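A.B. asks: sequence plus predicted model, see below.
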Amino acid sequence: FEEALFSKSSDNAPSLKHGPINYRLDHAYHALEAIEMVDLAEEQNDQYSLIFMDVRMPPGMDGIQTIQKIWEKHPDIEMVICTAHSDYNWDQIIEKLGFTDHLLILKKPFDSVAVKQFALTLTTKWQLQKTNQAYTSSLEEKVKERTSEVQQSLDKLKAAQDQLIQS
């Protein structure tokens, strides 16, 4: 299955102007394993950007419940639900997962080129979001520092003014 969708042969590997797209493909056989893999990757600062999730899984949690659990700790991961027969309709999925732009549903059977395009687009989106978050945090820190500097200057001016008034 993975080889058919994500073949790394030179004939099938997607590429951009700057060369081939590199990716790592992992798989989990059940929900708890998937959740543990995502948590461990986060701890190792090697976050997953995209997860393809089947709705029907071995006994335990189904794919929708697994996505809920993953998103509790990792809400920015892009998710693609891959399913041929869903136990949920669109409204039920939205009710369970919320309306989000981090979710795509892909019906089986699907074309490997389309899957690769989804993977490229969604991982690029995720990377841009992470870059934006880091930039925003940096700007917020600079604003905080500058606000502190301005406040210190105001405090000095106030103290100088008070001293002048008392003289």
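C.D. replies: Now that the structure is in, tell me what you want to look at.
A.B. asks: so Ile81, which state does it fall into?
C.D. replies: Using DSSP: H, G, I helix; E, B strand; the rest coil, the secondary structure recorded for Ile81 is strand.
A.B. asks: quick one: contacts for the residue lying closest to it once chain neighbours are set aside?
C.D. replies: Spatial nearest neighbour of Ile81, excluding adjacent residues (CB to CB, 6 or more residues apart in numbering): Ile105 at 4.7 Å. Where you see a C-beta, it was placed from the backbone N, CA and C, and this is true even at glycine. With contact set as CB atoms under 8 Å, 6 or more residues apart in numbering, Ile105 has these partners: 80-81, 83, 90, 93.
A.B. asks: between the residues you listed, which sits nearest Gly63?
C.D. replies: Gly63 lies nearest to Ile81 out of these, by CB to CB, at 6.2 Å.
A.B. asks: show me what that closest one is bridged to.
C.D. replies: Each beta-bridge partner of Ile81 is listed here: Met53, Ile105, as defined by DSSP bridges.
A.B. asks: roughly how far apart are it and Trp71?
C.D. replies: Between Ile81 and Trp71 the computed distance is 13 Å (CB to CB, to the nearest Å).
A.B. asks: ok, these two, which is more surrounded?
C.D. replies: For Ile81 versus Trp71, neighbours defined as other CB atoms under 10 Å are more numerous around Ile81 (21 against 18).
A.B. asks: could you measure from the more buried one over to Leu104?
C.D. replies: Plainly put, Ile81 is 7 Å away from Leu104 if you go by CB to CB.
A.B. asks: now swap in Gly60 and tell me
C.D. replies: In this view, Gly60 and Leu104 are 24 Å apart by CB to CB.
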